[in-house]
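> Just to be clear, the model below is a prediction. Sequence and coordinates:
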Amino acid sequence: MRKLAIIVNLAKRKAPTVVKKLIREMEKKNVEIFLLKDSAKYIDRKDLGADEEKIRSNAQILISLGGDGTLLKAARIVKGENIPILGVNMGSLGFLTEITYKDLNGALPLLLNRKYYIEKRSMLAISVSRDMHKLFALNDVVLSRGASARIVELKTFIDGNYLTTFASDGLIVSTSTGSTAHSLSSGGPIVHPSIDSILVVPICPHTLSNRPIVVPYKSKIRVKTLTENSVDYTIDGQIGGKLEKGEEIEVSLAPFQVSLVRLKKKNFYELLRKKLRWSGCSVGQE
């Protein structure tokens, strides 16, 4: 491994110190570094600045320093390129990140010698009716009422078949990976990330019988807004826009997957216990 990209959330208190140390260690080993231009400028290393296209064309591996949000951004930058991503957690929760920044020194030799596993995760492809460009998400796309106090009406189709019109605070269309994100807090099911599926989860539906639904991974979900006020859409909680009355958004699985670096094989159920702080039942136990 001789070309490394780093995506860093510099809002994290220790991130500037960690990324500078990482760069020093990698440059000692003659590894070429790529940083997004704003990050490179922030740490006074403009010489390392690169745009997203340059990162996609050159990087052999990518380290995201921050949290799950930073890794989600990295996945969208990589898109269809086969560039493995190591998520380094600078915070606390982190369902997607593999290690904490304190473990980074021990992980670097494994990266350099390619001693790691790859875990594939599916992404969503999102099309907005008035925009020719596709957007991509690792977790989800969320349609919501935004600042308005009024519910929105979202006419929803699956593979061209009418499902229902959700009168609700919004709607989440999620990957299995995203089932532990906004979808979970809205009452959606937890889906094992190895299962390729798409979740459709209403947010606070007006009709209580409207429940989350899991559909096959080849499905195409189309949502048309019928409400007078605009509807916000947000991709992975980071980028988005507005849909006006009559406009549509279409969601399906992307034709590529993202590669996440795993330094050791992990048990998903153990991860759930740890991250969601499931203590279990103590009945009958001493």
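Sure, I can see it.
> Got phi/psi on L184?
Reported as degrees, to the nearest 10, the phi and psi values for L184 are phi -60, psi -40.
> R145 too?
The phi and psi values for R145, taken as degrees, to the nearest 10, are phi -80, psi -10.
> wait, isn't it in contact with F166?
No: counting by C-beta atoms under 8 Å, R145 sits too far from F166 to count as a contact (11.5 Å). (C-beta placed from N, C-alpha, C; glycine too.)
> out of these two, which sits in the busier spot?
F166 (24 against 19; other C-beta atoms under 10 Å).
> what comes into contact with the host helix or strand of the more buried one?
Using DSSP states H and E, F166 falls within strand 161-168. Outside strand 161-168, the residues that touch it by C-beta atoms under 8 Å, 6 or more residues apart in numbering are 151-157, 200, 202-207, 210, 213, 226.
> Of those residues, which belong to strands?
If you go by DSSP state E, the contacts of strand 161-168 have 152-157, 200, 202-203, 213 in strands.
> Could you export these as JSON lines, including pLDDT?
Supplementary listing: these in JSON lines, determined by pLDDT from 0 to 100:
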{"residue": "V152", "pLDDT": "94"}
{"residue": "E153", "pLDDT": "96"}
{"residue": "L154", "pLDDT": "97"}
{"residue": "K155", "pLDDT": "98"}
{"residue": "T156", "pLDDT": "98"}
{"residue": "F157", "pLDDT": "98"}
{"residue": "V200", "pLDDT": "98"}
{"residue": "P202", "pLDDT": "97"}
{"residue": "I203", "pLDDT": "96"}
{"residue": "I213", "pLDDT": "97"}
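> Return the set of buried residues in whichever helix in the chain runs longest.
In the chain, assigned by DSSP state H, the helix with the most residues is helix 15-28. By neighbour count on 16 or more other C-beta atoms under 10 Å, the buried set for helix 15-28 is 15, 18-19, 22-23, 26.
> cool, and stretch 148-168?
Going by neighbour count (16+ other C-beta under 10 Å), the buried part of stretch 148-168 is 151-154, 156-158, 163-164, 166-168.
> Stretch 213-226 now?
For stretch 213-226, a neighbour-count test (16+ other C-beta under 10 Å) marks 213-215, 219-225 as buried.
> Turn those residues into CSV, including distance to R130.
Output for these, formatted as CSV (distance: C-beta to C-beta, whole Å):
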residue, distance to R130
I213, 27
V214, 29
V215, 25
S219, 23
K220, 18
I221, 18
R222, 14
V223, 14
K224, 13
T225, 12
